[in-house]
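Colleague: Using only what follows, build the 3D model:
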Amino acid sequence: MQREGVFREMKLRRAYEKPSERKAREKAEAVRRHRKLLRKRLDREGY
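Modeller: Just a heads-up that it's a prediction; the model follows:
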């Protein structure tokens, strides 16, 4: 369930989130995902 994001979804739905806060959070998550992908790619390629 954790891998599917159920717990995170429940936590987010507990309280109202302003649209501006949601946009900022989603952008930060996207940046985090991208950096993680780059880190994994660099580890695999051996730089």
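
Colleague: Sketch out the low-pLDDT regions of the protein for me.
Modeller: 47 (pLDDT under 70).

Colleague: tell me the centre residue of it?
Modeller: In the chain, the centroid-proximal residue (C-alpha atoms, centre = their mean) is E29; its distance is 3.3 Å.

Colleague: Secondary structure element holding that one?
Modeller: helix 19-45 (DSSP states H and E).

Colleague: From the chain's centroid, how far away is that helix?
Modeller: Centroid separation between helix 19-45 and its chain, computed with C-alpha atoms, centre = their mean, to the nearest Å, is 6 Å.

Colleague: If you count neighbours, what's buried in it?
Modeller: By neighbour count with 16 or more other C-beta atoms under 10 Å, helix 19-45 contains no buried residues. In short, each C-beta sits where N, CA and C put it, glycine included.

Colleague: Distance check, the residue nearest to the centre of the chain against L37.
Modeller: Separation of E29 from L37 (C-beta to C-beta, to the nearest Å): 13 Å.

Colleague: do the same with A28
Modeller: Relative to L37, A28 is positioned 15 Å away (C-beta to C-beta).

Colleague: A30 too?
Modeller: 11 Å.

Colleague: Over to F7?
Modeller: 22 Å.

Colleague: who's in contact with stretch 18-28?
Modeller: Defining contact as C-beta atoms under 8 Å, 6 or more residues apart in numbering, one finds that stretch 18-28 is touched by E17.

Colleague: chain center to that stretch, what's the gap?
Modeller: 11 Å.

Colleague: Could you export that stretch as CSV, CA atoms only?
Modeller: The C-alpha trace of stretch 18-28 is given here as CSV (Å, rounded to 0.1, in the frame of the first residue of the first chain):
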residue,chain,number,x,y,z
LYS,A,18,-4.6,25.8,-1.3
PRO,A,19,-4.1,25.5,-5.1
SER,A,20,-0.8,27.5,-4.8
GLU,A,21,0.5,25.2,-2.1
ARG,A,22,-0.5,22.2,-4.2
LYS,A,23,1.3,23.5,-7.2
ALA,A,24,4.5,24.2,-5.1
ARG,A,25,4.3,20.7,-3.5
GLU,A,26,3.9,19.0,-6.9
LYS,A,27,6.8,20.9,-8.4
ALA,A,28,9.0,20.1,-5.5
